[in-house]
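> Return a 3D structure for these sequence lines:
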Amino acid sequence: MQFLIKKRHTLLLIGSMCISAILLAGCSKGGADLKPAREKTGSSWTFFRGDSGSADGVAKDVIKPPLAELWIFKARGEIRSSPVVSGKIVVFGSADEYVYALNSDNGKVFWKFRTGDQVIASPLIVKDKVYIGSYDSFFYCLDINTGKVIGKFKVGAPIKGSAATDGDKVYFGANDNKIYALKLDTLRLVWVFKAPEWVEAAPLIKDGVVYAGCDDGSLFAIDAVTAAMKWRSVTNESVYSTPVFDAGKLYFTSWDGNMYAVDAADGRHVWNTKIDEQASVSPAMSGDILIAGGMFNGDLSGVNKKTGKILWSLPTMGGFDAGPVISGDIAYVGSFDEYFYAVDIKTGKVVWRKLLKGTIRGSSAVADGVIYVGTKKGILHAFTHASK
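All right, here's what the predicted structure looks like:
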């Protein structure tokens with residue numbers, strides 16, 4: 001039997017909290033008196049794991065801490081939807097049922113569109129269109145400049161994950177145990193792939209293959225043209241993670257607490273490493289280092305992508321449901337302990353952090369000189385360089 005709300009969150013260990021408090025004491029904190037000094041770059045962030053095409057979470061911009069707050073925006077519900085950015089427009093969804101488009105310069109609302117239920121899926125931007133699913137079981141195509149509905153497609157259950165595209169079709173999963181492929185320009189149904197359980201993870205599209213995690217513990221490889229299953233790689237628990245692709249390998253986490261490396265050609269396990277008792281995040285990757293956090297113990301880990309060896313581990317006072325993003329040599333990630341962290345990717349040391357006073361469950365976005373992060377309290381924070 002499936003439950004609407006799955007057991008994805010567990011009480012954190014008190015001992016781990018105490019250790020974390022000691023280790024984090026004294027690190028650089030975000031100061032309210034810091035002045036923003038944004039340097040516009042013109043870069044975008046159109047998919048929730050960045051624009052590289054490999055879902056590696058790496059930004060084009062290099063934004064170094066300490067950070068200063070450029071602006072904040074308050075929605076009426078939790079912001080679990082990871083923002084995306086194109087030009088001056090920042091788009092995200094909220095549990096208040098709205099999709100918002102804000103001005104990246106000041107946080108003012110360009111438009112907002114109300115769906116029929118909460119929106120935790122992250123948007124996808126393709127040219128002048130926004131693609132996003134809602135708990136109301138509709139997949140929407142919106143005009144990025146006006147928020148007007150261009151088209152919508154009804155599925156059989158809530159849509160919780162982001163969509164991905166290959167430029168011809170748009171792909172997404174839903175809680176009706178299906179993965180959908182629609183024509184990008186018309187939302188006409190091309191094919192449906194039937195999965196064993198819910199599909200909450202955002203897919204990765206690479207070289208004509210759709211890679212998608214499933215709540216049954218599988219990562220599927222599906223032919224993007226025919227919908228034929230090429231292979232199925234099995235873990236011990238649900239896969240909520242979007243895989244990172246690099247040099248013929250896929251890297252992702254599972255709710256069984258492991259980070260996995262599999263061969264993209266046949267799904268063969270290359271290695272797996274236990275990083276926590278439970279893990280749901282999409283890893284970030286820079287060079288030979290993979291970075292991902294766990295849900296139970298609340299550790300952020302740096303892992304060697306070739307061997308699976310843990311290079312460093314950073315304990316925090318909360319678990320991670322947000323995937324890290326990398327800017328230069330810094331990983332930015334929010335935690336259940338309500339802190340937004342800047343971590344050196346080579347050493348795992350915290351170089352800056354700021355208490356946002358709200359649980360952080362969505363990944364950040366980095367574009368045009370700004371880092372965006374949302375919280376459970378419905379606040380979207382926009383950070384940038386602090387003036388010297």
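
> And for T359, nearest residue in space, chain neighbours not counted?
Nearest non-adjacent residue to T359, counting by C-beta to C-beta, 6 or more residues apart in numbering: K376, 4.0 Å away. C-betas here are computed from N, CA, C, even on glycine.

> since we're on that neighbour, how many residues are nearby?
As a burial measure, K376 scores 19 neighbours (other C-beta atoms under 10 Å).

> For it, list the residues it contacts.
By C-beta atoms under 8 Å, 6 or more residues apart in numbering, the contact list for K376 reads E78, I79, R80, G358, T359, I360, R361.

> which ones are touching the nearest residue to the fourth one once chain neighbours are set aside?
Just to be clear, that refers to G358. Sequence neighbours aside, T375 is the residue nearest to G358 in space, at 3.0 Å (criterion: C-beta to C-beta, 6+ apart). T375 sits next to E78, I79, G334, E338, L356, K357, G358, T359, I360, H381 when contact means C-beta under 8 Å, 6+ apart.

> Check V343 too.
Contact analysis of V343 by C-beta under 8 Å, 6+ apart lists I291, L300, L314, P324, I330, A331, Y332, V333, K349, V350, V351.

> hmm, which of the residues you listed are the buried ones?
The neighbour count (16 or more other C-beta atoms under 10 Å) marks I291, L300, L314, P324, I330, A331, Y332, V333, V350, V351 as buried among the contacts of V343.

> quick check, nearest of these to Y180?
P324 (28.3 Å; C-beta to C-beta).

> how far away is the closest one from I371?
12 Å (C-beta to C-beta, to the nearest Å).

> Tell me the residues that contact both of the two, please.
In contact with both P324 and I371: Y332, using C-beta under 8 Å, 6+ apart.

> where's the residue nearest to T359, which helix or strand?
Using DSSP states H and E, K376 maps to neither a helix nor a strand.

> roughly how far is stretch 170-179 from the heart of the chain?
17 Å (C-alpha atoms, centre = their mean, to the nearest Å).

> in that stretch, what's buried?
Neighbour counts using 16+ other C-beta under 10 Å place V170, Y171, F172, G173, A174, N175, D176, N177, K178, I179 of stretch 170-179 among the buried residues.

> can you pull the pLDDT of the first one?
Meaning V170. With respect to pLDDT, V170 scores 98.

> Mind checking what secondary structure it has?
Classification of V170 using DSSP: H, G, I helix; E, B strand; the rest coil returns strand.

> Quick one: list the elements packing against the helix or strand harbouring L182.
Assigned by DSSP H and E, L182 belongs to strand 178-183. On a contact count with 3 or more C-beta pairs under 8 Å, 6 or more residues apart in numbering; DSSP states H and E, strand 178-183 meets strand 169-174, strand 189-194, strand 209-213.
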